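Trainee: Turn this into a structure:
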Amino acid sequence: MDLDRVSSLQRVPMPQTMHRTFESTAVIGEYITNMKDVQRHQEYEDNDALLKHAQKLAASTHHFGTRTIVLTNTDQVIERPGLTVTKVPLFTGYNQLTLYFYRWEMAFTFLKQHPEIEKVFFVDLTDVQMRNYPFDHLQPGKLYFGDELSDLSADIIQAHATLATTKTFFAENKTLQVLNPGVVGGYRDVVMAFLGSLTVHIANAEATDQLAHQPNTIGNLEMALVNYVAYHDFSDCLVHGRLVASRLAFHEPSTTAWFQHK
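Mentor: I've put the predicted structure just below:
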């Protein structure tokens with residue numbers, strides 16, 4: 001990772017809106033409505049449904065004195081003990097992206113607008129809970145990830161490695177472990193750098209498709225692109241394993257990991 005490029009992200013202009021300030025640590029999830037979830041084959045609603053989905057995560061972080069922040073594209077602004085729901089408008093220049101890509105553009109926009117947040121984890125809202133307090137243990141310059149028990153030869157990677165750069169990379173690195181972006185975080189600077197790099201890849205792919213008047217070439221799921229950016233651009237920063245997140249979908253009743261993922 002080029003640390004000189006990290007500081008330049010702080011100077012990227014962003015639309016500024018009136019907003020509250022937050023504590024220096026946060027756990028953040030996204031809830032995008034009126035857009036079909038192509039993996040779970042459903043469309044999320046707002047109001048009571050949002051609070052229902054956020055309940056377990058918010059309760060788990062509140063137990064450790066940490067706020068859960070939910071980013072949404074609706075007009076809801078909700079303040080409860082340990083939980084904030086705030087609006088982050090979606091960029092309107094994209095034509096063909098799914099919510100799995102929009103969530104990262106939304107995350108980058110929000111974190112850029114809130115420099116008071118010094119340490120942060122972005123997590124899946126509906127199936128992640130905090131089990132142990134992570135923020136006292138983070139190391140500067142490290143990017144912390146959840147992972148899976150499969151490698152990059154898995155279908156969810158190979159089938160969605162649709163960009164030329166990702167196809168080549170995954171063909172040459174099939175034995176690397178799959179990273180799962182249901183848990184990703186660290187100090188602000190490295191997370192900003194990761195989100196910025198990911199957002200640039202998304203924007204470039206979308207712009208190329210629009211200029212060529214061609215269908216979506218980036219795919220519907222972001223797992224391949226996330227793993228490409230993490231391993232290609234941040235390989236010297238990565239930390240994953242049972243320190244960060246439990247074994248995915250094992251539904252373990254207890255864990256020494258910071259986060260339980262299903």
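Trainee: Name the next helix or strand downstream of the lowest-mean-pLDDT helix or strand in the chain, please.
Mentor: In the chain, the helix or strand scored least confidently by mean pLDDT, DSSP states H and E is helix 3-8, which has a mean of 51. Using DSSP states H and E, the helix or strand that directly follows helix 3-8 along the chain is strand 25-31.
Trainee: Could you spell out the sheet neighbours of that following strand, each with its direction?
Mentor: If you go by DSSP bridges, strand 25-31 pairs up with strand 68-72 (parallel), strand 119-123 (parallel).
Trainee: Show the average pLDDT along that strand.
Mentor: Strand 25-31 comes out with an average pLDDT of 97.
Trainee: which residues touch it?
Mentor: Around strand 25-31, the neighbours that count as contacts under Cβ atoms under 8 Å, 6 or more residues apart in numbering are 44, 50, 53-54, 57, 61, 66-72, 85, 103, 106-107, 110, 117-126, 128, 130, 135. To be clear about C-beta, it is placed using only N, CA and C from the backbone, and glycine gets the same treatment.
Trainee: residue contacts, Thr165?
Mentor: Thr165 neighbours (Cβ under 8 Å, 6+ apart): Tyr228.
Trainee: hang on, the earlier thing: now a PyMOL select for only the buried ones of the contacts of strand 25-31.
Mentor: The buried residues among these can be selected in PyMOL (16 or more other Cβ atoms under 10 Å) with this line:
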select buried, resi 44+50+53+54+57+61+66+67+68+69+70+71+72+85+103+106+107+110+117+119+120+121+122+123+124+125+126+128+130+135
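Trainee: Endpoints of stretch 151-164, how far apart?
Mentor: Stretch 151-164 stretches 20 Å from its first residue to its last (Cα to Cα, to the nearest Å).
Trainee: actually stretch 241-249, sorry about that
Mentor: End-to-end distance of stretch 241-249 (Cα to Cα): 14 Å.
Trainee: any residues touching that stretch, and which ones?
Mentor: Applying Cβ under 8 Å, 6+ apart, the external contacts of stretch 241-249 come out as 128, 131, 134, 144-149, 180, 182-183, 252, 255-262.
Trainee: Tell me the gap between that stretch and the middle of its chain.
Mentor: A distance of 16 Å separates the centroid of the chain from that of stretch 241-249, by Cα atoms, centre = their mean, to the nearest Å.
Trainee: repeat for stretch 104-121
Mentor: On Cα atoms, centre = their mean, the centre of stretch 104-121 falls 10 Å from that of its chain.
Trainee: okay, that stretch in CSV with CA atoms only?
Mentor: Provided in CSV are the C-alpha atoms of stretch 104-121 (Å, rounded to 0.1, in the frame of the first residue of the first chain):
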residue,chain,number,x,y,z
TRP,A,104,-19.1,0.6,-0.6
GLU,A,105,-19.7,3.9,-2.3
MET,A,106,-22.0,4.8,0.5
ALA,A,107,-19.5,3.7,3.1
PHE,A,108,-16.7,5.8,1.5
THR,A,109,-18.9,8.9,1.3
PHE,A,110,-19.9,8.6,5.0
LEU,A,111,-16.4,8.0,6.4
LYS,A,112,-15.0,10.8,4.3
GLN,A,113,-17.6,13.2,5.9
HIS,A,114,-16.8,12.1,9.5
PRO,A,115,-13.1,12.6,10.3
GLU,A,116,-13.9,12.3,14.0
ILE,A,117,-14.3,8.5,13.5
GLU,A,118,-10.7,7.2,14.1
LYS,A,119,-11.4,3.4,14.3
VAL,A,120,-14.2,1.6,12.5
PHE,A,121,-15.6,-1.7,11.3
